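In: pasting a predicted model and its sequence here:
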Amino acid sequence: MTLAAASSDMPFVTLLVFIPIVGAVLIGLLVPSRRGDLAHVLGVGVSLLNLAIVIWLLVAFDADSAKFQFVERSSWIPELGIGYLMGVDGVSLFLLALTGFLFPLMLLGSYHIRRRLKHFTVLVLFLEGVQMGVFGATDLFLFFIFWELTLVPVYFLIGYWGGPDRIRAAVKFFIFTALGSAFLLAAIVATGFLADGPVSFNINEIIKTDFPLWTQRILFWGFTIGFLFKVPVVPFHSWLPDAHTEAPTAGSADLAGVLLKIGVFGLIRFSIPLFPRAAVEAVPILIALGVVGIVYAALVAMRQDDAKRLIAYTSISHMGFVVMGLFALTTTGVQGSIFQMLAHGLTTAGLFFLVGFFYDRRHSHEIAAFGGGVRTVMPVYAGVFLFMAFASAGLPGLTNFVGEALTLFGTFVGHRWFAIVAATGVILAGIYMLWLYQRLFNGELTVEENRGLKDLNARELAVIVPIAVLVLALGIYPKWVLERIEPSVDRIVTEVERKTEGTDQEYVQPEQTSPGGIEVETAPAPSEAEHDEAEDEALSGTGGEVSP
Amino acid sequence: MSVLAQAIPAPQTDYTTIIPELIVLGTGLLIVLMLAIRRFSNIGWYALIAALGFAAAGIVAYVDLWPEVTDGAATYAFSGMVAADGFSTFVVILSCVAGVLAVLLANSYLKREGLDKAEYFALLLFSAAGVQFMAMANNLVMVFLALEILSVCLYVLSAWNRDKFASQEAGMKYLLLGAYTSAIMLFGISFLYGGTGTLNIAALAQFFARNVLENQGLVFLGMALVVVGLAFKIAAVPFHMWAPDVYQGAPAPVVGYMAAAAKIAAFAALFRILFLGLSAMEVDWKPLLWGLAILSMIVGSLLALVQSDVKRMMAYSSISHAGFIAIGVAAASAEGMSGALFYLVTYTFMIAGAFAVIDCIGRKDEQYTKYEDYRGLFAREPLLAAILTFFLFALAGIPGTSGFVAKFVVFEGAAEGGQWALIGIGTVAAVIALFFYLRLIVLMYMQDSTERPDLAETRARVAAGPAVVLAVTVAATVLLGILPQGLLDMAGQAVFAL
């Protein structure tokens, strides 16, 4: 496979990375600390500039190409085989877009912060820059730098601006993710060395190497454990509820909206294409982890007393769909998993913003602080909340439905029972979300302090309405996004198939291509007949583009 | 009669190879002589002379010697006592940089504490000469002499704040334990001589190339004892016991210099003795370095977790860094070695910067070095807190700083040598290390210091010298973290031209 990519004149990724970082540095140096308001306005301006570039990128992106576009190549540390390599493909395009879309909203939604607003703005902008870098890097070393750098601003955002238990949450977050990074770093060094040819961390070079099976296994798990910590998949998830609950609104929105995605992005970009045989072997384990996460986190979410914590658990549940769909290793599944990331990023960030709006008024996100009946004093707020809750629960016509449906279809093909169990997650989502809404908004107003609450103001609407519009738009017409994701995903899936073909892996089936263009593979089929049957069913249901 | 008539062959002297060392030593002697004639009341003048001496030596080494040594093979001078090659020149330049930083740090400290005696700078210069001769030493006795020059200066510098009990204790402890291990090392050298009949490091290699020893016991014992002596200077576990007390008691500017200088010197000698002299015994010394590296990384990181004094924590952190550098040596490859050199450079900057901050925050008598004194520092001294945070992140190896690149290159060196276990343990140790750096950061940012009015009243003063040190070290740490290529090239050349 050649990834010789189309060249382009616009260094899009570099702009996306360095506009916020340079902006952060300039604001940090030039704006005096007491002028937090000025820093904030400038910060919003910088992030809007970045959003404009993201939109330009979306327009300029060639939807039919599976290759990396807008590639940038410069020599950086030749001594160590490290280059400054950036590029965008269908996998990263919308993650960049999501980052560019959410950050201005995060800054807008944080205008009320009184404590060192300038430092807050600087950190958020810096975070935006490094997250763009994570999605844009096509060199392992460069990727790791950005990956690890995301830790620092988030650590301070939680630890300095967070809730009462912020220190524990910040340290826990830092240590958990750093532990994952340690595995990742060791695996990256090893990969660079063991790949054919001179030492190089360029993934387009490394991908040509067919590592021996045992090497693949070790490296795959080195990478994957690092990423699973970040996703997080269930046994590695315990940092997330604390971090989400204690983080300030912008922090939670970022954690849910973008930060969790870099783990899955790593799986798609590195773990699977670089070590395909080990990945195929690990499919049952990872799908199982995904499904366990879906159900377990949904059940835990139901029993939460804190709205923010509840949403944090729904996050884990939704990310379970992402991991499950990804390791179905079918075009539909992977496509669905990327789409689900977008959907989850939008709805969960939206929900965190909404809880944050209440927190700004009452300084609590306990469900008891709402106490029911809030709808009577804040009707608009309740309406938007219901919309987001429905989106999160996967109501057809809204984004999450598309993502969940695609991941389920993609998985059902080869792993029928897993998909069936996972589907209960959709039902559970309906339960916990509607119950949450009911406990917060319905009934009589019981908490006296809530009587005088004002409804959403213009600024808050400016934050939440764009999210709601996108949730609806992508739910109704996902094709525009899906057709841009598809070529790159297709390429990854076919490559994995090609590379695992003819090996003596017990889980590998001969390549099968359906009329609908969905390629099916790798099923731990208990019996051949059942497998085929399952496949036929699924294909007849989901051939071609899926739009509800 | 005839014996007396016979001309004694004069040793071949080639002063051009040791010009930087002569400059450094000469500047030191100049200061001592000036003191004998007349004392200036402002020691700033002596500081200036010392800084100029270091700078001149460094520039001469870089401009004059570096192109020469990286072009051709090593030159041996003084009957093979010293070797001038890329490696030694690299270390000479580095020690000059460390020296300049140390002078800048010390000037304001000495004035503030009323310890302004210019002999401090003479001792700094002599100790740097010790570092430089250690890197050049091609003879085991020369290694020993250079080590003693360095050590004796450091003992005195550690006890410089002579009215302070902790400083006296630091100097005394360092002296007693140091003298003891020097003796062990000398013992080892004698065994090596007994086993091979030579003290010349290059000749040792030839000896092993020509002879196969039936019984390696004597040589092995000698090698092990020499390694022990040097491991003590590096503060590698289990020879680290002195470090916490000395780091805590000695003046902060001394520690900021000593932590780097002693490591540079001892690692330089280790490189030369093990790689050049005893490369035939690689299978024997590799496990020793493995053990030192692993123990240092793990024990250093774990013990740093439970400290409550910043200087003491930095001591354990420095022990753990010694372990990381030792990975590069244990890799026994050119990549590992140049990685270790790179690490030493970055460490020199990071530790000087960190101790500059610790010195400023400590104020008079260094009374504020407890963790408690750092509580809520960000609210009181935002800039100092931010800079210290930056250095802590750099020491922890967060990307974007030179500390990360340094860890990466030693790991690459280990990977080149196929030492995957070392990489694995190193990454675990790096995660543990994060804990104790984070603990301090948490204290500085996330907790208030309302119950400490004494801290809120006086502001820390940052004098000109430390301010320059901070600017230089921050810049170097960022620059080497983002654009390390130039220095990596130099380190690679240095090892190549060994």
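Out: Done, it's in.
In: what about residue 329, which SS state?
Out: Unless you meant another one, I'm taking chain A. Recorded secondary structure, residue A:329: coil (DSSP: H, G, I helix; E, B strand; the rest coil).
In: oops, wrong one, chain B.
Out: Per three-state DSSP, residue B:329 ends up helix.
In: what do you get for the one 3 residues further on?
Out: Classification of residue B:332 by three-state DSSP places it in coil.
In: now swap in residue B:214 and tell me
Out: Strictly by three-state DSSP, residue B:214 counts as coil.
In: can you report phi and psi for it?
Out: Phi and psi for residue B:214, reported as degrees, to the nearest 10, are phi -70, psi -40.
In: now for the longest helix seen in chain B, which elements pack on it?
Out: The longest helix of chain B (DSSP state H) is helix B:165-196. Here helix B:165-196 touches helix B:140-158, helix B:201-210, helix B:217-234, helix B:242-249, going by 3 or more Cβ pairs under 8 Å, 6 or more residues apart in numbering or on different chains; DSSP states H and E. For every residue, glycine as well, the C-beta is placed using N, CA and C.
In: give me the low-pLDDT residue ranges for the stretch 201-350 of chain B?
Out: Along the stretch 201-350 of chain B, no part satisfies pLDDT under 70.
In: in it, what residue is nearest chain A?
Out: residue B:338 (8.8 Å; Cβ to the nearest Cβ).
In: now the element after the strand or helix carrying that residue, going C-ward?
Out: Per DSSP states H and E, residue B:338 falls inside helix B:334-362. Using DSSP H and E, the helix or strand that follows helix B:334-362 in sequence is helix B:377-380.
In: check which residues of the next helix or strand after that next one are buried.
Out: The helix or strand immediately downstream of helix B:377-380 is helix B:382-396, counting by DSSP H and E. Going by neighbour count (16 or more other Cβ atoms under 10 Å in any protein chain shown), the buried part of helix B:382-396 is B:384-396.
In: of the residues you listed, list those near chain A.
Out: When contact is defined as Cβ under 8 Å from any Cβ of the partner chain, those meet chain A at residue B:393.
In: out of the buried residues of helix B:382-396, who's nearest residue B:184?
Out: residue B:395 (30.3 Å; Cβ to Cβ).
In: quick one: low-confidence parts of chain A?
Out: Using pLDDT under 70, the flagged stretches of chain A are A:1-9, A:502-548.
In: centre-most residue in it?
Out: With distances taken as Cα atoms, centre = their mean, the residue of chain A nearest its centroid is residue A:261 (2.4 Å).
In: my read: that residue touches residue A:98, true?
Out: Yes - Residue A:261 lies in contact with residue A:98 (Cβ atoms under 8 Å); the separation is 7.3 Å.
In: ok, the residue of the stretch 201-350 of chain B closest to chain A touching residue B:413?
Out: Yes - Residue B:338 is within contact range of residue B:413, at 7.4 Å (criterion: Cβ under 8 Å).
In: you'd agree the residue nearest to the centre of chain A is in a helix?
Out: Yes - assessed with three-state DSSP, residue A:261 lies in a helix.
In: now do the SS call for the residue of the stretch 1-150 of chain A found nearest chain B.
Out: Distances between the stretch 1-150 of chain A and chain B by Cβ to the nearest Cβ are smallest at residue A:145, namely 3.8 Å. Look at residue A:145: counting by three-state DSSP, its state is helix.
In: what sits against the closest residue to it other than its chain neighbours?
Out: Using Cβ to Cβ, 6 or more residues apart in numbering or on different chains and skipping residues adjacent in sequence, the residue nearest residue A:145 is residue B:399, 3.8 Å away. When contacts are counted by Cβ atoms under 8 Å, 6 or more residues apart in numbering or on different chains, residue B:399 touches A:144-146, A:148-149, B:481.
In: so which strand or helix has the residue in the stretch 151-300 of chain A positioned nearest to chain B?
Out: Closest residue of the stretch 151-300 of chain A to chain B, Cβ to the nearest Cβ: residue A:182 (3.9 Å). If you go by DSSP H and E, residue A:182 is part of helix A:166-194.
In: go on, residue A:96?
Out: helix A:90-108.
In: next helix or strand past that helix?
Out: Next along the chain from helix A:90-108, counting by DSSP H and E, comes helix A:117-136.
In: wait, does that next one contact chain B?
Out: No - shown here: helix A:117-136 not in contact with chain B (Cβ under 8 Å from any Cβ), separated by at least 8.6 Å.
In: same question, stretch A:218-237
Out: No - using Cβ under 8 Å from any Cβ, stretch A:218-237 never reaches chain B; the gap is at least 8.9 Å.
In: just the buried residues of that stretch, please?
Out: A:218-234, A:236-237.
In: hang on, isn't residue A:188 packed against residue A:144?
Out: Yes - at 5.6 Å, residue A:188 and residue A:144 qualify as touching, with contact defined as Cβ under 8 Å.
In: overlap of the contact sets of residue A:261 and residue A:98?
Out: A:341, A:345.
In: before we move on, back to that, buried residues in the longest helix of chain B, which are they?
Out: Buried-residue list, helix B:165-196, by 16+ other Cβ under 10 Å: B:166-175, B:177-178, B:181-182, B:184-189, B:191-193, B:195-196.
In: now swap in stretch B:420-435 and tell me
Out: B:420, B:422-435.
In: near chain A, which of those show up?
Out: The residues of the buried residues of stretch B:420-435 that also fall near chain A, by Cβ under 8 Å from any Cβ, are B:420, B:423-424, B:427-428, B:430-431, B:434-435.
In: including pLDDT and secondary structure, could the residues you listed go into a markdown table?
Out: Output for these, formatted as a markdown table (pLDDT from 0 to 100; DSSP: H, G, I helix; E, B strand; the rest coil):
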| residue | pLDDT | secondary structure |
| --- | --- | --- |
| B:420 | 85 | helix |
| B:423 | 88 | helix |
| B:424 | 88 | helix |
| B:427 | 88 | helix |
| B:428 | 88 | helix |
| B:430 | 89 | helix |
| B:431 | 87 | helix |
| B:434 | 86 | helix |
| B:435 | 85 | helix |
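In: done for today, thanks.
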